[in-house]
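Chemist: The amino acid sequence is not available; the structure is as follows:
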C-alpha cells in the first residue's frame, strides 16, 4: 500500500451493505472436532509396545497406570507447574520431575515396573508420553 493523499476522506454509503468473504470455502481444520483416543486404547498400545516383560494382567496394568496418574495429579506441584502452565517446555520438564518422584515413591509397590522403567530410556519417554496423555485427558474432561 502506498499513501498518495494527505487529509483525504473516504466517502461511504449510508445504506447497510454486506461483504462476501474472500474465500467462502475455507480450507484447513475449521469446524473439525478433535479426535480423542480412549484411555483404554492408549494404555493397551503402550503396554503392547513397551511392557512385554511386565508380568501383570492387562487389567492390573490399567489399574497401575491409573494409580500412577492419580499420584501425579495429587502431587503438590502438579496444579501450578503442570495443569495451569501454558508454557509447553517448562510444563513437560515439571511433569518429568513429578513422574520421577512418583515412580521413586512407588518403587517398593511396583518393583517390576520400576526395573523396566529404570533400565530403558526409550521406555521412560514412552511412559512419560502415556502419563502426559492420561493427565491431559483427565484434566480436559474435568
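Modeler: Great, that's in hand. In this text the structure is predicted, and so the values were computed from the model without any measurement.

Chemist: switch to C-alpha atoms for all contacts and neighbour counts from now on
Modeler: Fine.

Chemist: Is residue 16 part of a helix or strand, or is it coil?
Modeler: coil (DSSP: H, G, I helix; E, B strand; the rest coil).

Chemist: so what's it up against?
Modeler: By Cα atoms under 8 Å, 6 or more residues apart in numbering, the contact list for residue 16 is empty.

Chemist: phi, psi of it?
Modeler: phi -70, psi 140 (degrees, to the nearest 10).

Chemist: same deal with residue 119?
Modeler: Torsion angles, degrees, to the nearest 10, at residue 119: phi -90, psi -10.

Chemist: Which is the succeeding secondary structure element to whichever strand or helix holds residue 67?
Modeler: Assigned by DSSP states H and E, residue 67 belongs to helix 58-74. Elements were assigned by DSSP H and E; along the chain past helix 58-74, the next helix or strand is helix 78.

Chemist: hmm, back to that, just the buried residues of the helix holding residue 67, please?
Modeler: 61-62, 65-66, 68-69, 71-73 (16 or more other Cα atoms under 10 Å).

Chemist: Just list what that helix packs against, helices and strands only.
Modeler: Other helices and strands packing on helix 58-74, by 3 or more Cα pairs under 8 Å, 6 or more residues apart in numbering; DSSP states H and E, are helix 39-50, helix 88-105, helix 121-141.

Chemist: which one of the ones you listed has the lowest average pLDDT?
Modeler: Of all the helices and strands packed on helix 58-74, helix 39-50 carries the lowest average pLDDT, namely a mean of 69.
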